[in-house]
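> Return a 3D structure for these sequence lines:
(one chain, ligands or ions: 1)
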Amino acid sequence: PAVDQAAEAQVRADDRTHVFHSWSAQALIDPPPVAGGSGATFWDYQGNSYLDFSSQLVNLNLGHQHPDLVAAIVKQAERLATIQPSMANDVRGELARLISEVSPEGFTKVFFTNGGADANENAVRMARLVTGKRKVLSMYRSYHGNTTTAISLTGDPRRWANEPADGSVAKFFGPYAYRSAFHAESEEQESERALAHLEQTIILEGASTIGAIIIESVVGSNGVLVPPPGYLRGVRALCDKYNIMWIADEVMVGFGRTGQWWSFQADGATPDLITFAKGVNSGYVPLGGVVISDRIASHFDTVVFPGGLTYSGHPLACAVGVATFEVFRRDGILERVNDLGERIVAPRLAQMAERHPSVGEVRGRGLFWAIELVKNKDTREPLVPFNASGADAAPMNAFAAAAKKAGVWPFIHFNRTHIAPPLIISEDDLIRGLDVIDEALNVADGYTE
Ligand code: PLP
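Below is the predicted model:
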């Protein structure tokens, strides 16, 4: 990439003066100016390019500037750039049909939103209206978005400064075998005990008050926590027993991230509502939505659904969604995610876990993995404290700086780094990126005790 100091100075000046950034103290940040991107790589104005091991915010599943996705936007823009949601539109309908075709039987309708938070917001609204029950259960260690109900459902520190928001929410512990809340010693025990705990929570919160349980099918930004076998089937059974709607939040893990269209499919369980965003069109134009089971959809056959958005099912966004399906099928994306995950990532991370004193656990599926860093493998004390910032976060920042210096942009959250590259990453780039992570872990090793 070319060096362009003047352009960089302008980008930085405009950004620092005028752009108010997410989740930040505005004076304490220095957002890196990005000049361009292609595939799994993006670059700055200083001649540095980075392999994106985070797929931006785990949304860039088909990589930067995918020619088919860009062409779909251009073509749609020339035909019809926008049309309001109460009219019928070809690409909107086609995308809804394609999504329904990869969903479990009986999921025929899709409500489109602008992103993940409003998808969850509307799924909760549907569950509340259908059951007549208002409370929603969600997990500690979860993220569901930044609107009022979605942030209330969120089980991580991003919720704290927003409380109290939607008060009709209660939290429970999900399965996390490495740091089991249930003193479990096997995956099987973890699954059983997590389900027993969930049932206790339902009973104590009052089944007659609970309309929905929302679960990330694989917990994303809070740790790539793949549920143990049987857990989601157990959630299904509890929801049936107590007339509760199960909302599968597939915003981060839907559309191939873990090697299937939907991550809940791995456990052979079927939710009542599926929420999606990110990977549906790699975020080229904002889009999210709710896939609705017929039982819930039919409730609104003759009863008005009291919700809507100006840009619901935006044609530019939907056209990229349709193109996404074409690319997935033509290029065998799901197959390659499973292949690369099993053949390259899993064995390599297992080696890192053996070699590095700082690696407590590696876990994941497809092209979605976490490396959990610890001070000490025996005590499992995290390398940095929960919600670490500033000086406390220094070990993770040093690790990230080493990876960036060697050309890999890592995803960091507390004491974890995640491996979540675009699903189109070449095998060579994937191996090169893993080499860099392996090397950067030497820096983390320096902070172990
Ligand atoms: N749900 C999950 C699991 C997510 O990871 C995210 C975003 O990271 C959201 C919901 C919110 O999506 P959005 O930022 O598009 O509103």
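> Give me the three-state assignment for Leu60.
coil (DSSP: H, G, I helix; E, B strand; the rest coil).
> For it, give its distance to Leu423.
9 Å (CB to CB, to the nearest Å). The C-beta positions use only the backbone N, C-alpha and C, and glycine is treated the same way.
> residues from the stretch 51-200 of the chain in reach of the ligand?
Within the stretch 51-200 of the chain, the residues that sit near the ligand (CB under 6 Å from any ligand atom) are 57, 115-117, 120, 143-145.
> What subset of these is buried?
Buried residues within those, counting neighbours by 16 or more other CB atoms under 10 Å: 115-117, 120, 143-145.
> Which pair of those spans the longest distance?
Distance extremes for those: the farthest pair is Gly115 and Tyr143 at 12.8 Å, using CB to CB.
> And the buried ones among the residues of the stretch 51-200 of the chain next to the ligand, which is closest to Phe42?
Gly115 (21.1 Å).
> who touches that closest one in this structure?
145, 277, 286-288 (CB atoms under 8 Å, 6 or more residues apart in numbering).
> in a strand, that's where Val136 is, yeah?
Yes - counting by three-state DSSP, Val136 falls inside a strand.
> residue contacts, the residue positioned nearest the centre of the chain?
Residue closest to the average C-alpha location in the chain (CA atoms, centre = their mean): Met252, at 2.1 Å. By CB under 8 Å, 6+ apart, the contact set of Met252 is 58, 116, 216, 218, 220-221, 278-279.
> How about Val408?
Counting by CB under 8 Å, 6+ apart, the residues that Val408 touches are 50-51, 53, 433, 436-437, 440.
> Check Glu190 too.
175-177, 180, 182, 184, 228.
> do the same with Arg141
155-156, 174, 176, 219, 222-223, 225.
> residue boundaries of the helices in the chain?
Secondary structure of the chain, counting by DSSP state H: helices at 5-18, 55-58, 67-79, 90-101, 116-131, 148-153, 187-205, 231-242, 294-299, 315-330, 333-340, 346-355, 394-405, 427-445.
> Let me know how buried Gly446 is, in neighbour terms.
12 (other CB atoms under 10 Å).
> picking up where we left off before, put together a markdown table for the buried ones among the residues of the stretch 51-200 of the chain next to the ligand, with pLDDT on each row.
A markdown table is the format used below for these (pLDDT from 0 to 100):
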| residue | pLDDT |
| --- | --- |
| Gly115 | 98 |
| Gly116 | 98 |
| Ala117 | 98 |
| Asn120 | 98 |
| Tyr143 | 98 |
| His144 | 98 |
| Gly145 | 98 |
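> Out of those residues, flag the one nearest to Leu316.
Of those, the one sitting nearest to Leu316 (CB to CB) turns out to be Gly115, at 14.5 Å.
> Name the nearest residue to that closest one, ignoring sequence neighbours.
Gly288 (4.4 Å; CB to CB, 6 or more residues apart in numbering).
> list the contacts for that neighbour?
Applying CB under 8 Å, 6+ apart, the residues near Gly288 are 112-119, 251, 275-278, 280.
> And for Asn387?
Contacts of Asn387 (CB under 8 Å, 6+ apart): 157, 414.
> Could you shift the numbering so residue one becomes 45, and keep it that way?
Sure thing, new numbering starts at 45, so read that last one as Asn431.
> Just the pLDDT for it.
pLDDT recorded at Asn431 is 94.
> and it, how far is that from Gly83?
For Asn431 relative to Gly83 (CB to CB), the value is 34 Å.
> ok, back up a step: can you tell me which of the buried ones among the residues of the stretch 95-244 of the chain next to the ligand is nearest Pro77?
Of these, the one sitting nearest to Pro77 (CB to CB) turns out to be Gly159, at 24.3 Å.
> any idea how far whichever residue of the chain sits closest to the ligand is from Ala447?
Per CB to the nearest ligand atom, Gly160 is where the chain lies closest to the ligand, at 2.3 Å. In this view, Gly160 and Ala447 are 27 Å apart by CB to CB.
> rewinding a little: hang on, the residue of the chain closest to the ligand packs against Asn190?
No - using CB atoms under 8 Å, Gly160 is not in contact with Asn190, being 9.2 Å away.
> Pro426 reaches Lys419, doesn't it?
Yes - Pro426 is within contact range of Lys419, at 7.2 Å (criterion: CB under 8 Å).
> Looking at the contacts of Met296, state which has the most neighbours.
Gly160 leads the contacts of Met296 on contacts (other CB under 10 Å) with 30 neighbours.
> can you list the domain ranges for this structure.
Domain assignment of the chain by automatic domain parsing yields the ranges 49-109+376-489, 112-374.
> Excluding covalently adjacent residues, which one is nearest to Asn190?
Ala161 (5.3 Å).
> oh sorry, the question was meant for Ser356
Using CB to CB, 6+ apart, the nearest residue to Ser356 is Pro129, at 4.0 Å.
> Also Phe64?
In space, Phe64 is closest to Gln70, 6.4 Å off (CB to CB, 6+ apart).
> Local confidence estimate at the one you found?
97.
> For it, the count of nearby residues, please.
The burial count for Gln70: 9, using other CB under 10 Å.
> Relative to Ser196, how far out is the closest residue to Lys177 other than its chain neighbours?
Distance criterion CB to CB, 6+ apart; nearest residue to Lys177, sequence neighbours excluded, is Gly255 at 3.7 Å. Distance of Gly255 to Ser196, computed by CB to CB: 14 Å.
> try Arg141
Taking CB to CB, one finds Arg141 at 33 Å from Ser196.
> can you check Gly159 too?
17 Å.
> if we can go back for a sec, now the residue nearest to Gly159, which residues is it bridged with?
Thr157 (DSSP bridges).
> got a pLDDT number for it?
Confidence for Gly332, expressed as pLDDT, is 98.
> State the distance from Met170 to Ser99.
Counting by CB to CB, the gap from Met170 to Ser99 is 29 Å.
> Hmm, Gly352 and the residue nearest to Ser356 touching each other?
Yes - under the criterion of CB under 8 Å, Pro129 makes contact with Gly352 at 6.3 Å.
> Now do the end-to-end distance for stretch 92-100.
End-to-end distance for stretch 92-100, by CA to CA, to the nearest Å: 17 Å.
> just stretch 339-354 next, same as before
From its first residue to its last, stretch 339-354 covers 26 Å (CA to CA).
> Repeat that for stretch 85-100.
10 Å.
> what's the answer for stretch 453-461, then?
End to end - CA to CA - stretch 453-461 spans 11 Å.
> Averaged pLDDT, that stretch. What do you get?
97.
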